[in-house]
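Novice: pasted the sequence and its predicted model underneath.
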Protein chains: 2
Amino acid sequence: MPNEADIIRTLQKSFACQSPEVFGIGDDAAVLPLNDTDAYVVSMDVLVENLHFRLNYGDAANLVHKSLHVNLSDIAAMGAAPLFVLLGIALPPHLTDAWIEQFLASFAGACKQQNVQLVGGDTVASERDLFISVTVIGRTPKAQLKFRRGAKPGDAVCVAGALGEARAGLAALEKNAAGLEAVKAKSLAPNALIAEGIWLSAQKSVTAMMDVSDGLYVDLGRLLQASQVGAELELELLQVSAQLKEACVQLNLDARECMLAGGEDYALLFTLDPGDYGRIAQEFEKKFGYPLVKIGAITAKDGLELREGGKPVPFTYRSFSHFGEL
Amino acid sequence: MPNEADIIRTLQKSFACQSPEVFGIGDDAAVLPLNDTDAYVVSMDVLVENLHFRLNYGDAANLVHKSLHVNLSDIAAMGAAPLFVLLGIALPPHLTDAWIEQFLASFAGACKQQNVQLVGGDTVASERDLFISVTVIGRTPKAQLKFRRGAKPGDAVCVAGALGEARAGLAALEKNAAGLEAVKAKSLAPNALIAEGIWLSAQKSVTAMMDVSDGLYVDLGRLLQASQVGAELELELLQVSAQLKEACVQLNLDARECMLAGGEDYALLFTLDPGDYGRIAQEFEKKFGYPLVKIGAITAKDGLELREGGKPVPFTYRSFSHFGEL
């Protein structure tokens, strides 16, 4: 089976340069014309039972939260404010009426909480598995749009939001581990960093941005490829949170593997003019109550180099992929 | 399990009147603000293997065509020109690489043919069934938008496009019948009436419009409910095409049942100021090479009355529903 990168390349080739005002496949969301100053951005994500979620790990409200926030995270990564949502669901017979009602009520509630309006969708039956497709449309000043392709040699590579906790949380759920509620919640109901995305996009010194959904190593690789640059990532700079550390000890996990290769973080990965790093870091922490983390620097040479103690180290982990391959 | 109508009602209630510029759930597509003169419309459809299609009935190109056109039909029914598309697919392991490649190449080709641009989507794995979710965004002058809610007592009820052929075609495929290629094609690869929808929407005398996807009886009922009117439908006015007649004879089907209760026609159902019917019918036939058909009239009393030989007759068919219920 071709992997997602192959499929995206095939589609990019087929649809290259159709319209100069529309930027499509390859970024977190597509940009659609709106007016002289603003643009719409639109993103779609698909979640399939037993591959992206398991019904026995959480309730309908968790699943609603996750299916909405994976899209909100894409919109946030473009620097846009989410406005409209379309919900497609294929409902298998094993769902109870009560579950479906909780799902719908939760969806309505989650949209209201995020100030987005459900404007349409499709509800159909499914023979066996639950399938959820969410399309979110957001809006932003065109001047603030951020893409994957803007990173320049010398830029600082930064992350906002926790890495690895969702992976540890999934392991806790899979092993039916006691406690570890904080990391479990990160897996079941991740929060898109919408306000952070909008704020970062308004900073001129931010040169590229995307969300981390398939693991830092893979996603940073995508940003580098889009920008046609390389990067050096200093492993000592990856900050292991107290809850990740606790989960790793209890579950015998490698924290660094969770952070580099674990998926579904929905953190923001961005690059930044290094001269503005001090101001951005200070204002970010003041505004959002937690620090952003500088993890490396963009280089002119190709590829992503991991470094530790001032020396290159190999990437030895199996990266997260819904296809079970890279 | 709640049916789709219940779910739509639940969601409509939860999201009523959030923004006066946005019209959402309940029409074929949602209307999003664009500028002073124009609006975007957006529609999403979900197709599930073995419920909306079977892989052994047609090839990947047929499925691409269908999954694109069911959405284009919604856009056309609003009177808009389709512009952008997002494709979500969940690919099960039973698909071959060759099939996936044909699907992607066909999707690119079908988009080009319809002059719509694929701008994004999501490609994931599925454990068992193939799921396809397509979101289409179109654009139209706001003054030309047509909704389900505009029908007035006295209006003519009209249909553009064949009814019943997709149902007969599905029966031919299910029974593995020889020949009947025309109706089989209607089931496998229905054509959205995009040019017709845009032309009709530009006619001021067209008061309401929607596409017929779940059978004439059900969909006309939805239009009546949205417009808070009733209708009398003259069964003698339903035109049985030569290919529908042939299929019904060969497969022992009731042509009227196919036309009233068969789904997936993707015809356009609309209501019209009766004083303009003559002109519209003449110009439509001249422009599109086939006649539109007047099948009844809107009434002030509630409900849909079927009539034959000047007398009311009951609706005795089981209506098409993906849920197996109304």
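Specialist: Looks like it arrived, so ask away.

Novice: on the three-state scheme, A:D276 is what?
Specialist: With DSSP: H, G, I helix; E, B strand; the rest coil as the basis, A:D276 sits in helix.

Novice: residues near it, how many?
Specialist: 14 (other CB atoms under 10 Å in any protein chain shown). Every residue, glycine included, has its C-beta placed from N, CA and C.

Novice: and the closest residue to it other than its chain neighbours, what does it touch?
Specialist: In this structure, A:D276 finds its nearest non-sequential neighbour in A:S205, 3.6 Å apart by CB to CB, 6 or more residues apart in numbering or on different chains. When contacts are counted by CB atoms under 8 Å, 6 or more residues apart in numbering or on different chains, A:S205 touches A:L272, A:D273, A:G275, A:D276, A:I280.

Novice: and those residues, which are buried?
Specialist: Among those, those that count as buried by neighbour count (16 or more other CB atoms under 10 Å in any protein chain shown) are A:L272, A:D273, A:I280.

Novice: residue contacts, the last one?
Specialist: Just to be clear, that refers to A:I280. Counting by CB under 8 Å, 6+ apart, A:I280 touches A:L200, A:Q203, A:S205, A:V206, A:L272, A:L292.

Novice: now render those residues as a markdown table, adding distance to B:D129, pLDDT and secondary structure.
Specialist: Conversion of those to a markdown table gives the following (distance: CB to CB, whole Å; pLDDT from 0 to 100; DSSP: H, G, I helix; E, B strand; the rest coil):
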| residue | distance to B:D129 | pLDDT | secondary structure |
| --- | --- | --- | --- |
| A:L200 | 39 | 98 | helix |
| A:Q203 | 44 | 97 | coil |
| A:S205 | 47 | 97 | coil |
| A:V206 | 41 | 98 | strand |
| A:L272 | 44 | 97 | strand |
| A:L292 | 41 | 96 | coil |
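
Novice: helices along the stretch 201-326 of chain A, start to end?
Specialist: A:216-227, A:242-251, A:255-261, A:277-288 (DSSP state H, counting those that start in this stretch).

Novice: where's the residue nearest to A:D276 relative to chain B, distance?
Specialist: 27 Å (CB to the nearest CB, to the nearest Å).

Novice: how far away is that residue from B:M78?
Specialist: Per CB to CB, to the nearest Å, A:S205 is found 43 Å from B:M78.

Novice: all strands of chain A, in order?
Specialist: A:30-33, A:38-48, A:81-91, A:117-125, A:131-141, A:156-160, A:206-212, A:230-234, A:267-272, A:293-299, A:303-308, A:311-313 (DSSP state E).

Novice: tell me which of the ones you listed lies nearest to B:Q228.
Specialist: Between B:Q228 and these, the shortest gap by CB to CB is with strand A:117-125, which sits at 21.5 Å.

Novice: gap between that closest one and the chain center?
Specialist: Chain-centre distance of strand A:117-125: 23 Å, with CA atoms, centre = their mean, to the nearest Å.

Novice: pretty sure A:D276 sits against A:Q203.
Specialist: Yes. Between A:D276 and A:Q203 a contact is recorded at 7.3 Å, counting by CB atoms under 8 Å.

Novice: what's around A:A202, how many residues?
Specialist: 14.

Novice: of the strands of chain A, which is nearest B:A242?
Specialist: With CB to CB as the criterion, B:A242 lies closest to strand A:117-125 of the strands of chain A, at 32.6 Å.

Novice: partner strands of that closest one and their direction?
Specialist: According to DSSP bridges, strand A:117-125 has the following sheet partners: strand A:81-91 (parallel).

Novice: got the angle for the strand it pairs with vs strand B:38-48?
Specialist: Per axes from the mean of the first three to the mean of the last three CA atoms, to 10 degrees, the angle that strand A:81-91 makes with strand B:38-48 is 30 degrees.

Novice: now do the buried residues in strand A:81-91.
Specialist: Of all the residues in strand A:81-91, those buried under the rule 16+ other CB under 10 Å are A:A81, A:P82, A:L83, A:F84, A:V85, A:L86, A:L87, A:G88, A:I89, A:A90, A:L91.

Novice: ditto for stretch A:103-118
Specialist: For stretch A:103-118, a neighbour-count test (16+ other CB under 10 Å) marks A:F103, A:L104, A:A105, A:S106, A:F107, A:A108, A:A110, A:C111, A:Q114, A:V116, A:Q117, A:L118 as buried.

Novice: ok, stretch A:198-207 next?
Specialist: Of all the residues in stretch A:198-207, those buried under the rule 16+ other CB under 10 Å are A:I198, A:W199, A:L200, A:S201, A:Q203, A:S205, A:V206, A:T207.

Novice: wait, isn't A:A189 in contact with A:H65?
Specialist: Yes. Under the criterion of CB under 8 Å, A:A189 makes contact with A:H65 at 4.0 Å.

Novice: looking at these two, which has the bigger crowd around it?
Specialist: A:H65 (25 against 19).

Novice: what sits closest to A:A61 if chain neighbours are left out?
Specialist: A:S106 (4.1 Å).

Novice: wait, what's in contact with that neighbour?
Specialist: Residues in contact with A:S106 (CB under 8 Å, 6+ apart) are A:A60, A:A61, A:V64, A:H65.

Novice: which pair in those has the greatest spatial separation?
Specialist: Greatest spatial distance among those (CB to CB): A:A60 and A:H65, at 9.7 Å.

Novice: tell me the residues of the stretch 101-250 of chain A that contact chain B?
Specialist: Within reach of chain B by CB under 8 Å from any CB of the partner chain, the stretch 101-250 of chain A has these residues: A:101, A:104-105, A:107-108, A:111, A:117-129, A:131, A:133, A:135, A:137.
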